[in-house]
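Enquirer: pasting the sequence and the predicted coordinates here, then a few questions.
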Amino acid sequence: MSPEILHANLACIETLLQAPNSVSVHKKKWHTAFVTIYCYRALLSIHQNTVTKKGNIEIPLSTSYTAITIKSEIGPFEIERASLVQLVKEKNLDQLQQLGGVDGVVSALKTGAEQGVSNDDREIASRREVFGTNTYRKPPTKGFLHYVWEAFQDLTIIILMVCAALSLGFGMKVHGAKEGWIDGLSILVAIFLVIAVSAISNFRQNRQFDKLSKVSNDIQIDVFRGGRRQKISIFEILVGDVICLKIGDQVPADGLFLQGHSLQIDESSMTGESDHVEINHDHNPFLFSGTKVVDGFGRMVITAVGMNTAWGEMMSQLTRDTNEQTPLQARLDKLTSSIGKVGVTVAFIVLVVLFVRYFTGTTKDENGNQEFIKGKTKFDDILNSSVEFIAAAVTIVVVAIPEGLPLAVTLTLAYSMKRMMADKAMVRKLSACETMGSATTICTDKTGTLTMNQMKVTKCWLGKETMEELGGYSSVAPYVIELFREGIALNTTGSVYRPSFGMEYEISGSPTEKAILSWAIEDLNMDMEEITRKCSILHVESFNSQKKRSGVLLKRKVDSSVHVHWKGASEMILAMCSSYYDASGIIKDLDDSQILEFQQIIQAMAASSLRCIAFAQSRIQAEEVEDSDGHKTMKEEGLVLLGLVGIKDPCRPGVKKAVEDCQYAGVNVKMITGDNVFTAKAIATECGILRADHDMNEAVIEGEKFRNYTEEERIEKVDKIFVMARSSPFDKLLMVQCLKQKGHVVAVTGDGTNDAPALKEADIGLSMGIQGTEVAKESSDIVILDDNFASVATVLKWGRCVYNNIQKFIQFQLTVNVAALVINFVAAISTGEVPLTAVQLLWVNLIMDTLGALALATENPTKELMDKPPVGRTAPLITNIMWRNLLPQAMYQISVLLILQFKGESIFGVDDKVKDTLIFNTFVLCQVFNEFNARKLEKKNVFKGIHRNRLFMGIIAITIVLQVIMVEFLKKFADTVRLSWGQWGICIGIASMSWPVGWVVKFIPVAEKPFFSYFKIKTYFR
């Protein structure tokens, strides 16, 4: 083959390799495959022609030729997903250097450290296709059948099923196939209904937990897209995204450190090591999903998301434990156990009595013949009677054991969680729902909780003069204005974005940072980009809640001079200064009298509810930049005070009313803030926390003073303190510990990372959904989604509602338990028969356990709940008021039903079958009427607000309809006969007397001392 032909073939190959950029990733793969096949055939053809025709021929190189490198493409990007995943997982610095460092990875991912990923939909879709989404596979959720199986494993259900099987078998043998199956199948149907209701309620609760889990995991992340800083869901993060990190944030995916200062990460969630890891460019730029930022700030570029991260793999194997048992549930388990023991004892006595009466020949059959005759009665008849006795005893146990109590707790907690979500409170731990009802003290933050967190600079002092006195910023020396701009633009964690000239600035960051940046742009004409270009940052000390300041060490590019800028709490910054600028730019010394004047200015601003921020700076020599160990240092004394600004953060509307509601309910509200005493006092007075009758010397204290008290002094004074100013997170923790030692049930609000210890220590930790860090949220029990104190008061009301609803149901159910047990016990002892059959008792069990729980556990909170003092830790679960309400009702039902049992036939002139139906019907209707009584434990008007609870009325209607069906249409199933209109009227008349009985007994006064404490015995009724 001639050289010309060879070069022509090579030219064709080169042309084929140049695939247009416009084609899709899918088509590019097909194009690559086609080129590979074509090249292979072309080269094979050349080889065959050369060998067969001319032997070994040397082909001279052309004077101009093309070298071809064939490499596989990974979509539109220059790096493989697997390489990125391994790079961070293995912390492979060598591989990172081969890729060109962090900048090389950023370039390969076609993103930018300042711009981030483009907002173009096609590019976002492409990144998702190539690198995946930031979601992880979840283990399959438990299906409905799982909960059915769990319900089947209940011991009483198993015993009942055995009884049903025996009853079915012997019934068909004795009575024949036509009639014998009824009793056994009736019990099985009743068992099925109980299992179905239990399984459905548990299944629905699990689904609700899944929904709440999705909401709690949906974290908002600061990200740069198209040069604009914006918040997006953690699930929307892509490989190539540039993420902003600050103290308290969770790292949303694996990635590499781009820029930042003093960034330290807590990797204990991944490695188990408690030591914090420093992140830097040189030695450790690797960031892992799920870890927490504990100090500093910075930016990172995402390299792996979702299941490609170690966190994703770990989370995909975890399931949320929805079987968390709350303290109230634990107490109810003890109550259920003790009542169950009584029930088992009664059932055993009934069983013994029935067997004794049977084998002694006392019992007679339907025809009046003696049932057992020694030597004559068949074994099958004995066995059949024994099964009936056992079934009766087991059903007594079923009715005696208040299985509805756990169900009622589950229902009321699930219902309240759902409603609290609508009221801007997301419950993370079930126990917090009920514990909040017992809260005696709430320790709240000021900023964002009591105030609106909409900050604005309203006052500015230069030297000892305000801007109003100076006549505006134009009268201030330009050099001083430039120092202000420099200190604000470079000493901030916020950012400024302007889409195009003439459009509004978009400012992001904390509310304080946004207020200062907005003021600098609008009043000082600050150009953040220009200042950033003129200076390079040497070192940063980020803000923390202990030092209450932040600083930056910078170098001006124009003259290489080094400057330090500080901003923070006015008292802290003032203490670092030895001089100050006046409006003319002249530096003046700060002596004691001058410092006193500035302190008075600060106090005056604070008394006007302004948050006072001070700015200071100083030029330093190059040799002062590093210490003897080579670490960057920042000058902290001898600074020049630039000026003071006052930031207004108005109180939230309705917060004073919410505070008063809490105080009226017997709950103390204490404000713990980092602001100075005067600002704290002004806000606390405005919110109603501080009142005129308080001794200000004891009610208001600084954190340092409280910290320096002895333990005895703290415990002695803690109840009198209502405001703690200039407090650190450690002071808040100390306050919580002291209050708990004094027996208080403490709720604490917090939003910062350093608040985590206090949130965990408190009985109820309340984190802020907007301003709260992820660390604070994870340490809390409830997240207040709107950061509003009014929502905290709502949570308190819901907590009391949960406790109150449970007490209502306990009163209702114990009335049924006592009545059913006594009636069956007395009847069995005296006549050898139980008036309520197994199926009837199971039906009553279903009504009181399920429908009753649903009706009473879903009552909404009322204003009356806030009229009472908090329920203490040791308060009995069944109060004297409940005993007063339930015992007379139970006695009334027992009396009426026993009269029907022994005298019903003669009074109403009916046969035995109608009498038993009357007893069953009256008993059920008594529970329906008593459900109304249970709505109000103390109020005489039990019908108040009933029209607003449609669910309650619906359940009452359903219960009555089902009872009519049971009596009138399921005669063989329920072992009943049809009743006449007159007989229905008698049943309703007797049952309706429950209302006047309930009304009368509420006139009876009760002692405050718990009923069982008189016996000085340990009980489970507490």
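Expert: It's in.
Enquirer: state which helix of this protein is the longest.
Expert: Ranked by residue count, the top helix of the chain under DSSP state H comes out as helix 789-831.
Enquirer: assign T141 to helix, strand or coil.
Expert: The three-state label given to T141 by DSSP: H, G, I helix; E, B strand; the rest coil is coil.
Enquirer: look up phi and psi at I613.
Expert: With angles defined as degrees, to the nearest 10, I613 sits at phi -120, psi 130.
Enquirer: excluding its backbone neighbours, what's nearest it?
Expert: Taking Cβ to Cβ, 6 or more residues apart in numbering, and ignoring the residues beside it in sequence, I613 has V645 as its nearest neighbour in space, at 5.2 Å. (C-beta placed from N, C-alpha, C; glycine too.)
Enquirer: got the phi and psi for that neighbour?
Expert: Here is the backbone geometry of V645 (degrees, to the nearest 10): phi -130, psi 140.
Enquirer: give me the pLDDT for it.
Expert: According to the per-residue confidence, V645 scores 95 in pLDDT.
Enquirer: please apply the same query to K28.
Expert: K28 is assigned a predicted lDDT (pLDDT) of 53.
Enquirer: please apply the same query to P861.
Expert: Here the pLDDT value assigned to P861 is 87.
Enquirer: same question, Q927
Expert: Among the per-residue scores, Q927 shows a pLDDT of 91.
Enquirer: distance of it from Q840?
Expert: Taking Cβ to Cβ, to the nearest Å as the measure, Q927 falls 12 Å from Q840.
Enquirer: what about the nearest residue to G361 once chain neighbours are set aside, how many residues nearby?
Expert: Nearest residue to G361 in three dimensions, chain neighbours excluded: Q370, at 5.1 Å (Cβ to Cβ, 6+ apart). Q370 has 12 neighbouring residues, counting by other Cβ atoms under 10 Å.
Enquirer: can you check D183 too?
Expert: When neighbours are defined as other Cβ under 10 Å, D183 has 26 of them.
Enquirer: what's the separation between it and F389?
Expert: The gap separating D183 from F389 is 13 Å, by Cβ to Cβ.
Enquirer: do A607 as well
Expert: To F389, A607 is 82 Å away according to Cβ to Cβ.
Enquirer: which of those two has more neighbours?
Expert: More neighbours surround F389 than the other of A607 and F389, with 21 against 13 (other Cβ under 10 Å).
Enquirer: and that one, what does it touch?
Expert: Residues in contact with F389 (Cβ atoms under 8 Å, 6 or more residues apart in numbering) are L351, L354, F355, Y358.
Enquirer: spell out for me which residue occupies the centre of this protein.
Expert: R428 (2.7 Å; Cα atoms, centre = their mean).
Enquirer: now do the contacts for the closest residue to it other than its chain neighbours.
Expert: With Cβ to Cβ, 6+ apart as the criterion, R428 has its nearest non-adjacent residue at 5.8 Å, and that residue is D781. Under the criterion of Cβ under 8 Å, 6+ apart, the contact partners of D781 comprise V427, R428, K429, S431, A432, T435, I764, G765, L766.
Enquirer: again, 6 Å this time
Expert: The neighbours of D781, taking Cβ atoms under 6 Å, 6 or more residues apart in numbering as the test, are R428, K429, A432, I764, G765.
Enquirer: and if you look at I955?
Expert: Counting by Cβ under 6 Å, 6+ apart, I955 makes contact with L851, L854, A855.
Enquirer: and it, that one's in a strand?
Expert: No. Per three-state DSSP, I955 lies outside any strand segment and is helix.
Enquirer: distance of it from E313?
Expert: 46 Å.
Enquirer: re earlier: mind putting the contacts of D781 into CSV with pLDDT, distance to E465 and secondary structure?
Expert: Below are the contacts of D781 laid out as CSV (pLDDT from 0 to 100; distance: Cβ to Cβ, whole Å; DSSP: H, G, I helix; E, B strand; the rest coil):
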residue, pLDDT, distance to E465, secondary structure
R428, 83, 50, coil
K429, 82, 53, coil
A432, 83, 51, helix
I764, 91, 48, strand
G765, 91, 45, strand
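Enquirer: would you turn those into CSV with distance to G799?
Expert: Conversion of the contacts of D781 to CSV gives the following (distance: Cβ to Cβ, whole Å):
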residue, distance to G799
R428, 14
K429, 12
A432, 8
I764, 8
G765, 14
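Enquirer: tell me the one of those nearest S262?
Expert: Distance to S262 across the contacts of D781 (Cβ to Cβ) is lowest for G765, with 27.4 Å.
Enquirer: would you mind confirming that that closest one is in contact with L759?
Expert: Yes. Applying Cβ atoms under 6 Å, one finds G765 in contact with L759, separated by 3.4 Å.
Enquirer: give the residues shared as contacts by those two.
Expert: Between them, G765 and L759 share the contacting residues V748, S779, S780, judged by Cβ under 6 Å, 6+ apart.
Enquirer: if you tally nearby residues, what's the number for I587?
Expert: Other residues near I587 number 11, with proximity taken as other Cβ under 10 Å.
Enquirer: in the sheet, who's paired with the residue nearest to it when sequence neighbours are not counted?
Expert: Among residues not flanking I587 along the chain, S579 sits closest, at 5.1 Å (Cβ to Cβ, 6+ apart). S579 has these beta-bridge partners by DSSP bridges: D589, V640.
Enquirer: who's in contact with S579?
Expert: For S579, the contacting residues are I587, D589, L590, V640, taking Cβ under 6 Å, 6+ apart as the criterion.
Enquirer: hmm, 10 Å instead?
Expert: The neighbours of S579, taking Cβ atoms under 10 Å, 6 or more residues apart in numbering as the test, are 586-591, 594, 616, 618, 638-641.
Enquirer: quick one: buried ones out of these?
Expert: Taking 16 or more other Cβ atoms under 10 Å as the criterion, what is buried in the contacts of S579 is L590, Q594, A616, S618, L639, V640, L641.
Enquirer: could you pull up phi and psi at the third one?
Expert: For A616, the backbone dihedrals (degrees, to the nearest 10) come out as phi -140, psi 160.
Enquirer: tell me how far the closest residue to it other than its chain neighbours lies from L590.
Expert: Closest residue in space to A616, ignoring its immediate chain neighbours: L639 at 4.1 Å, by Cβ to Cβ, 6+ apart. Separation of L639 from L590 (Cβ to Cβ) stands at 10 Å.
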